[in-house]
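In: Mind folding the following:
(one chain, ligands or ions: 1)
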Amino acid sequence: MNKLALSVGAAALAVSASSFAHFQLLHTPEAMVDKPTTVDMKLVFGHPMDNGHVMDMGQPEAFFVDFKGKRTDLIPALKAVTWTGPDNQAAAYQVSHKIQRNGDYVFALTPAPYYEKGEDIYIQQITKRVINKAGLPTGWDQPLGLKTEIVPKNKPYQILAGSTFTGQLLSEGKPAAGVECEIEFINTKVDQAANAFSKDNFREPPASALVAITDDNGMFTFGIPTAGQWGFACLGSGPDTEHEGKELSQDAVLWIDVIDL
Ligand SMILES: [Cu+2]
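Out: The predicted structure is shown next:
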């Protein structure tokens, strides 16, 4: 085989494999607010580190916010939107939620399973994001009892660039050992008003996926090099393994906000 055929083959492979991970986003510009605020949260399914194509979301199975153990169902408040990625558009959602009292608001989304043609599997990423008001911690470190979830061991809305983040992966409330967790950051500007990602990336993405494997207690730690919104997706940790006769990867995703000191 000549050199040209080889390099064309490698390029085709890189494109078809989409090189980076699927990530369910729960995006807000900020994770900490100090005044009563209406949070504008975007629910988008994409590939944030290479700023790749965006994917259609179906009607979510569940979406709520937990404040001091009290849950508010956000499904009735969901608004369908069209999200614009750098090279395509996809069905997404947004929600406006008023944050009044001080403390931790833990948002949790169970999206509809997504059929990934390239792998002939369904993917369902159960995703959490914590928004804090006025710096008062009230439960960011508590599990929500989701089928699978990452429980933060560092305050997820206030991680310093250059420090580390530790999470514990649970499956049906028990530590999930030996699970691969992919790590990405949102590598482009998010236009909240236009429901769009920018075409330009902040930086060149790493050559391949960043990965941590959970230990016997389901724990993983990652040193965070730069400020931004970082996400962790632990793959296949959920109890459900099949959807409509096909393999289901039921993943746990957590978003954290990393800031410069
Ligand atoms: Cu994809």
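In: And the strands in the stretch 151-261 of the chain?
Out: For the stretch 151-261 of the chain, the strands defined by DSSP state E, counting those that start in this stretch cover 159-160, 164-171, 174-175, 180-185, 188-191, 196-201, 210-213, 219-223, 228-234, 242-243, 246-259.
In: Of those, which is nearest residue 47?
Out: Relative to residue 47, the nearest member of the strands of the stretch 151-261 of the chain by Cβ to Cβ is strand 180-185, separated by 8.0 Å. Bear in mind the C-beta positions are built from the backbone N, C-alpha and C, glycine included.
In: still on that earlier bit, and residue 113, which of the strands of the stretch 151-261 of the chain is closest to it?
Out: strand 242-243 (4.5 Å).
In: any idea which of the strands of the stretch 151-261 of the chain is most buried?
Out: Ranked by average neighbour count under the criterion mean count of other Cβ atoms under 10 Å, these are headed by strand 228-234 at a mean of 24.
In: In terms of secondary structure, what does that strand contact?
Out: Counting contacts by 3 or more Cβ pairs under 8 Å, 6 or more residues apart in numbering; DSSP states H and E, strand 228-234 packs against strand 23-27, strand 148-152, strand 164-171, strand 180-185, strand 219-223, strand 246-259.
In: Pull up the pairing partners for that strand, direction included.
Out: The sheet places strand 228-234 alongside strand 180-185 (antiparallel), strand 246-259 (antiparallel), with pairing taken from DSSP bridges.
In: ok, and what's touching the first one?
Out: Contacting residues not belonging to strand 180-185 are listed as 20-21, 23, 48-49, 150, 167, 169, 209-214, 220, 222, 226, 228-235, 258 [Cβ atoms under 8 Å, 6 or more residues apart in numbering].
In: In JSON lines: the helices and strands packed on strand 228-234, plus distance to residue 65 and mean pLDDT.
Out: Written out in JSON lines, the entries for these read as follows (distance: least, Cβ to Cβ, whole Å; pLDDT from 0 to 100):
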{"stretch": "strand 23-27", "distance to residue 65": "10", "mean pLDDT": "98"}
{"stretch": "strand 148-152", "distance to residue 65": "14", "mean pLDDT": "98"}
{"stretch": "strand 164-171", "distance to residue 65": "19", "mean pLDDT": "98"}
{"stretch": "strand 180-185", "distance to residue 65": "24", "mean pLDDT": "98"}
{"stretch": "strand 219-223", "distance to residue 65": "25", "mean pLDDT": "98"}
{"stretch": "strand 246-259", "distance to residue 65": "14", "mean pLDDT": "98"}
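In: Turn the ones you listed into JSON lines, including distance to residue 42.
Out: Below are these laid out as JSON lines (distance: least, Cβ to Cβ, whole Å):
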{"stretch": "strand 23-27", "distance to residue 42": "4"}
{"stretch": "strand 148-152", "distance to residue 42": "20"}
{"stretch": "strand 164-171", "distance to residue 42": "22"}
{"stretch": "strand 180-185", "distance to residue 42": "16"}
{"stretch": "strand 219-223", "distance to residue 42": "24"}
{"stretch": "strand 246-259", "distance to residue 42": "12"}
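In: So for residue 93, which of those sits nearest?
Out: Taking the helices and strands packed on strand 228-234 one by one with Cβ to Cβ, strand 23-27 is closest: 10.1 Å.
In: ok, back up a step: same list, the strands of the stretch 151-261 of the chain, but as TSV with distance to residue 89 please.
Out: Putting the strands of the stretch 151-261 of the chain into TSV (distance: least, Cβ to Cβ, whole Å) gives the following:
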stretch	distance to residue 89
strand 159-160	32
strand 164-171	32
strand 174-175	39
strand 180-185	21
strand 188-191	13
strand 196-201	9
strand 210-213	27
strand 219-223	32
strand 228-234	22
strand 242-243	25
strand 246-259	22
